[in-house]
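Peer 1: Sequence below, structure please.
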Amino acid sequence: MSTGGVILCGGQSSRMGLAKATLPFGPEQMLQRMVRILAELVAPIVVVRAAGQPLPPLPPDVIMAEDQRASRGPLEGLQAGLIAARPFVTTVFATSCDAPLLRPDFVQALIDLRGNHEIAVPVDGKFHFPLAAVYSTSLTTTIQKQLEADQLRPRALFDLVPTLRVPCAQLEKFDPGLQSLRNLNRAEDYFAALADAGFQAPAAVRTRLEAHASQQSD
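Peer 2: Numbers count the residues shown, from 1 in each chain. Have a look, this model is predicted:
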């Protein structure tokens, strides 16, 4: 069994105020960091972007894909990633570009746990984490039917196919604090993640993000 990676970065970043994929994170931009972390474990890496979306420079072996239809959420992006990865691998680990504290041990644990299931997804109570999960690339037909029926919630897919729901508590031994599940939606999330990684936001970036956050709170 071979596993690749899918990174979704086509969101509008409206709550953050700047494109997440290009936000500085230490010596890298955030998408560059995500690609590097995933590439330690899996190949190829597929990056799914919105049509025309600018991205930072990436390694030449990264496969680029685009949403077939804009503003349709993560299931649309996941489908594009699975289609691009399917010629090369049987499964992928799917994530978003705004999880820069992703831990390789967390990814490997989900890959190992999946077994014969079509999906392995972390759950916390009733809440699922579809963008920190492992998917079979054979799911493209099922997902296409969902998209055509405008069933855009990934949760519906989990009820259609054999899915292993992995309690988050079971994954803590591989990722204490479950840092892999930290998505950076707002400026304060970004600043906190930078601090935890030992970095700071460049002054110009901090100023722009803080101004956007202030406008949202008015």
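Peer 1: residue ranges with poor pLDDT in this protein?
Peer 2: Filtered on pLDDT under 70, the chain yields the residue ranges 1, 217-218.
Peer 1: Grab the longest helix from it for me.
Peer 2: helix 203-217 (DSSP state H).
Peer 1: Only C-alpha atoms, please: export that helix in CSV.
Peer 2: Listed next in CSV are the C-alpha coordinates belonging to helix 203-217 (Å, rounded to 0.1, in the frame of the first residue of the first chain):
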residue,chain,number,x,y,z
ALA,A,203,6.4,43.4,12.0
ALA,A,204,4.7,44.3,8.7
VAL,A,205,2.6,41.1,8.7
ARG,A,206,1.6,41.6,12.3
THR,A,207,0.5,45.1,11.6
ARG,A,208,-1.7,44.1,8.7
LEU,A,209,-3.3,41.1,10.5
GLU,A,210,-4.0,43.2,13.7
ALA,A,211,-5.6,45.9,11.6
HIS,A,212,-7.9,43.3,9.9
ALA,A,213,-8.8,41.7,13.2
SER,A,214,-9.7,45.2,14.6
GLN,A,215,-11.9,45.9,11.6
GLN,A,216,-13.7,42.6,12.2
SER,A,217,-14.4,43.3,15.8
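Peer 1: Buried residues in that helix, which are they?
Peer 2: 205, 209, 212 (16 or more other CB atoms under 10 Å). For the C-beta atoms, the positions are set from N, CA and C on the backbone; glycine is no exception.
Peer 1: now do stretch 173-192
Peer 2: Of the residues in stretch 173-192, 174-175, 178-187, 190-191 count as buried by neighbour count, 16+ other CB under 10 Å.
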